[in-house]
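*Asks:* Fold the following for me, if possible:
(one chain, ligands or ions: 2)
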Amino acid sequence: MGLPNKPTWELLAEPDLSKVAVEEYNYDALIVGGGMAACGAAFEIGKWLPDGATCCMVDKASVERSGAVAQGLSAINTYIGENTPSDYVRMVRNDLMGIVREDLIFDLGRHVDDSVHHFEEWGLPIWKQKGDEGKKLTEGGKPVRTGKWQIMINGESYKCIVGEAAKAALEEKGYDLHERVFIVKLLLDANKENTIAGAVGFSTRENKVCIYKAKAIMVACGGAVNIFRPRSTDEGKGRAWYPVWNAGSTYAMCMQVGAEMTMMENRFTPSRFKDGYGPVGAWFLLFKATVTNGYGEHYVKSDAAKAELAKYKPYSESAVTPTCLRNHLMLFEMKEGRGPIFMDTAAALNAFLEQKKAEGMDEKALKKYWKELESEAWEDFLDMSVGQAGLWASMNIEPEKVGSEIMPTEPYMLGSHSGCCGIWVSGPSEDWVPDEYKWGYNRMTTVNGLFTAGDGVGASGHKFSSGAHSEGRIAAKSMARYIRDNADFAPSLKQSEEELKEEIYKPVKVYYENYQKTTHEMVNPNYIKPRHMMERLMKYTDEYGGGWSPYYMTNGKLLEIVMRHLQWLREDSEKMAAGGLHELLRAWENLHRIWTVEDHLRHIQFREESRYPGFYYRGDFMQVDDKGFDEGGWKCFVNSKYDPNSGEWTCMKKKCYQIIAD
Ligand code: SFD
Ligand code: AMP
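*Replies:* Ligands and ions are numbered 1, 2, ... in the order given. This is a model prediction of the structure:
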């Protein structure tokens with residue numbers, strides 16, 4: 001029986017750490033995370049590991065509904081199809097304002113469709129064009145494209161389907177799956193410099209610490225959510241766009257063991273339907289909706305907007321305006337006092353109807369067509385952001401009659417969607433890849449034996465769900481090669497079982513030693529609860545680090561202040577208190593958030609320009625400086641490294657190579 005999940009005063013008793021079990025495992029391969037990338041790795045790895053090898057996937061939640069795809073999705077945003085991987089590189093490069101790892105993006109582009117074909121094979125319904133219904137993609141069935149890269153799906157059960165295939169693949173090979181185990185940190189080898197040897201975590205269901213030794217580890221714990229003050233308040237708090245349970249574990253755990261990070265200044269500030277966080281892509285692309293300001297004007301076509309965009313050539317000249325610049329225009333309009341911004345859903349849906357009328361569709365067929373349109377509009381949310389549908393219903397919103405407000409949300413950190421922060425990894429060992437980009441094993445970090453994928457891999461955004469899966473497969477294959485090449489390596493840990501247990505359960509000890517010294521368990525001079533720690537963090541990042549309240553604006557002075565606050569937060573985090581397993585999870589998540597945000601802000605401090613207007617601004621360096629690495633400009637990567645031996649951080653510039661011609 002574990003600590004109570006939701007403790008009440010009466011349930012509490014002095015904790016006895018000797019009752020906390022410690023289980024030790026020894027595997028060849030360890031996959032940390034159970035989301036899209038991890039499921040890709042689980043599906044692939046057995047094909048490449050030698051017979052008799054061992055492997056385990058560890059997820060803090062249940063694979064069937066864990067990670068960003070938990071609720072489902074209504075589109076697969078990366079399907080190359082009739083396009084080329086080179087064109088895909090061009091699109092990602094432009095959307096991310098020029099600074100990307102083209103080797104990684106090209107590599108992903110040439111493999112991603114195979115994952116989509118597998119999804120369909122496993123049962124995911126993919127919309128097909130009229131006449132191609134019932135024909136699979138591999139049989140030449142043409143998907144319903146929303147944009148050039150996106151295809152529509154009936155995806156409420158997307159994660160269940162992908163998770164089932166991953167679990168079946170693990171089972172077939174006799175590999176293990178540990179669910180509801182939260183990994184707290186990675187462990188370096190005691191003897192071999194800069195080499196991964198294991199990981200440690202705890203069960204969120206019973207009093208148990210799990211210590212894993214492994215020859216190679218892939219960390220794919222998604223991005224970072226709840227690091228900036230959300231727009232939602234009180235009863236709405238907890239609702240966020242990206243999954244609240246991804247707390248920056250990927251970045252924090254990898255940087256703590258010395259993995260070099262890249263583009264951690266980048267963040268994704270998505271524009272979403274206000275308060276419900278419903279995604280906008282399908283509305284823009286499938287329904288061809290337009291946005292207006294509060295006065296019904298199509299502001300993106302105004303002279304003022306054109307003048308704003310002209311500042312960001314050449315990126316703003318492409319057929320699709322980069323995501324950050326679309327936000328920039330929206331913020332510009334709001335700051336000029338012409339908000340709110342509306343998605344003109346009514347005009348979009350009615351335009352379809354008018355078109356059918358003009359084509360001569362009769363009254364009965366029109367009615368049927370209208371019903372279909374209406375249900376598609378709702379299904380977009382019901383498939384992936386059900387809260388938005390609830391909000392529409394509760395506010396009597398009929399999208400065919402009125403528009404809905406959209407709004408830039410709080411910032412998120414991720415490397416797989418329209419952002420590109422993450423870890424610096426090796427690309428494929430092929431002759432077209434610059435030497436600085438490859439060091440042996442594809443998707444291996446700068447720590448030997450440590451791999452990542454999906455949100456973890458930096459400088460290569462726009463992978464989305466399909467790309468994350470496919471990148472997990474790429475990483476798994478090269479992990480298996482690393483394991484074969486290092487067959488004699490026997491990982492050994494620096495810390496003892498007891499030391500690890502003490503460290504992990506420390507917040508529980510702090511709580512039980514002090515909970516009686518107060519009249520309200522949330523407020524205590526001897527400890528801070530995880531909830532309050534998170535609120536503090538969000539206040540600092542929002543006000544000083546360019547959150548939504550100062551319109552995403554920060555500067556060198558503000559950053560100096562937030563850095564001081566973060567150091568104090570880190571000191572205070574020693575006093576985090578957990579009255580149950582649920583809070584123990586929250587405590588460790590907070591620590592991952594603090595590390596992630598610290599690196600984020602260090603990068604923003606280092607990069608003296610505003611590369612992503614609309615995502616964040618440096619008030620003291622408002623321009624984009626497109627001079628390259630050799631000319632001392634900022635069209636280059638910013639990488640950072642935490643030294644686990646000295647505790648020091650360094651930031652550095654790295655050259656960015658264009659591999660694919662314009
Ligand atoms: O509409 C630990 N995404 C979309 N992708 C698409 O292809 N189409 C869409 O329609 C997309 N949209 C969208 C998307 C996401 C969300 C939340 C919404 C809408 C509302 C993006 C993709 O979902 C995303 O790119 C991938 O899922 C990323 O994959 P990956 O594997 O990098 O992350 P994950 O799936 O979230 O999995 C993380 C896993 O880690 C676990 N975990 N386990 C152990 N220890 C720890 N410390 C851990 N911390 C986390 C999690 O439980 C999870 O299993 S739209 O906006 O464009
Ligand atoms: P979103 O719903 O914003 O996450 O977007 C889903 C997909 O549509 C992503 O591939 C986005 O890059 C793309 N997208 C969203 N809005 C637009 C737009 N206005 N123009 C072109 N592509 C868009």
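*Asks:* contacts and neighbour counts: CA atoms only from here.
*Replies:* OK.
*Asks:* Within range of ligand 1, give me the residues from the stretch 301-450 of the chain.
*Replies:* 384, 385, 416, 417 (CA under 6 Å from any ligand atom).
*Asks:* thinking the second one is in contact with residue 277, fair?
*Replies:* Yes: Residue 385 lies in contact with residue 277 (CA atoms under 8 Å); the separation is 7.3 Å.
*Asks:* Between those two, point out the one with more neighbours.
*Replies:* Set residue 385 next to residue 277 and count neighbours by other CA atoms under 10 Å: residue 277 wins out with 25 against 21.
*Asks:* if we can go back for a sec, now the buried members of the residues of the stretch 301-450 of the chain next to ligand 1.
*Replies:* Listed as buried from those are 384, 385, 416, 417; burial here means 16 or more other CA atoms under 10 Å.
*Asks:* Can you name the residues of the stretch 1-150 of the chain that neighbour ligand 1?
*Replies:* For the stretch 1-150 of the chain, the residues in contact with ligand 1 (CA under 6 Å from any ligand atom) are 32-38, 58-61, 63, 66-69, 73-77.
*Asks:* re earlier: please identify which pair of the residues of the stretch 301-450 of the chain next to ligand 1 lies farthest apart.
*Replies:* Using CA to CA, these reach their maximum pairwise distance at 385 and 416, which is 18.4 Å.
*Asks:* hang on, the earlier thing: so of the residues of the stretch 301-450 of the chain next to ligand 1, which ones are in helices?
*Replies:* In helices, judged by DSSP state H, none of these are found.
*Asks:* And those, which is closest to ligand 2?
*Replies:* residue 417 (7.4 Å; CA to the nearest ligand atom).
*Asks:* mind listing what that closest one touches?
*Replies:* Residues in contact with residue 417 (CA atoms under 8 Å, 6 or more residues apart in numbering) are 455, 461, 462, 463, 464.
*Asks:* low-confidence ranges in the stretch 1-150 of the chain?
*Replies:* 1-15 (pLDDT under 70).
*Asks:* In it, which residue sits nearest ligand 2?
*Replies:* Closest point on the stretch 1-150 of the chain to ligand 2, by CA to the nearest ligand atom, is residue 77, at 4.9 Å.
*Asks:* count of neighbours near that residue?
*Replies:* Residue 77 has 23 nearby residues by other CA under 10 Å.
*Asks:* what does residue 302 give?
*Replies:* 11.
*Asks:* Roughly how far does it sit from residue 455?
*Replies:* 36 Å (CA to CA, to the nearest Å).
*Asks:* Next: residue 568.
*Replies:* In terms of CA to CA, residue 568 sits 28 Å off from residue 455.
*Asks:* ok, now which ones touch the closest residue to residue 26 other than its chain neighbours?
*Replies:* Leaving aside its sequence neighbours, residue 26 sits nearest to residue 213 (CA to CA, 6 or more residues apart in numbering; 4.7 Å). Neighbour list for residue 213: 24, 25, 26, 27, 197, 198, 199, 491, 492, 493 [criterion: CA under 8 Å, 6+ apart].
*Asks:* Give me the buried stretch members for the helix or strand where residue 213 lies, please.
*Replies:* Using DSSP states H and E, residue 213 sits within strand 208-219. Neighbour-count burial for strand 208-219 flags 208, 209, 210, 211, 212, 213, 214, 215, 216, 217, 218, 219 (criterion: 16+ other CA under 10 Å).
*Asks:* who does it pair up with?
*Replies:* Sheet partners assigned to strand 208-219 using DSSP bridges are listed as strand 21-32 (parallel), strand 196-203 (antiparallel), strand 450-452 (parallel).
*Asks:* Adding distance to residue 638 and mean neighbour count as columns, could you present those strands in CSV?
*Replies:* Output for those, formatted as CSV (distance: least, CA to CA, whole Å; neighbours: other CA atoms under 10 Å):
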stretch, distance to residue 638, mean neighbour count
strand 21-32, 26, 20
strand 196-203, 24, 24
strand 450-452, 19, 31
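*Asks:* now those strands as JSON lines including distance to residue 131?
*Replies:* Shown next, in JSON lines, are these (distance: least, CA to CA, whole Å):
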{"stretch": "strand 21-32", "distance to residue 131": "42"}
{"stretch": "strand 196-203", "distance to residue 131": "51"}
{"stretch": "strand 450-452", "distance to residue 131": "41"}
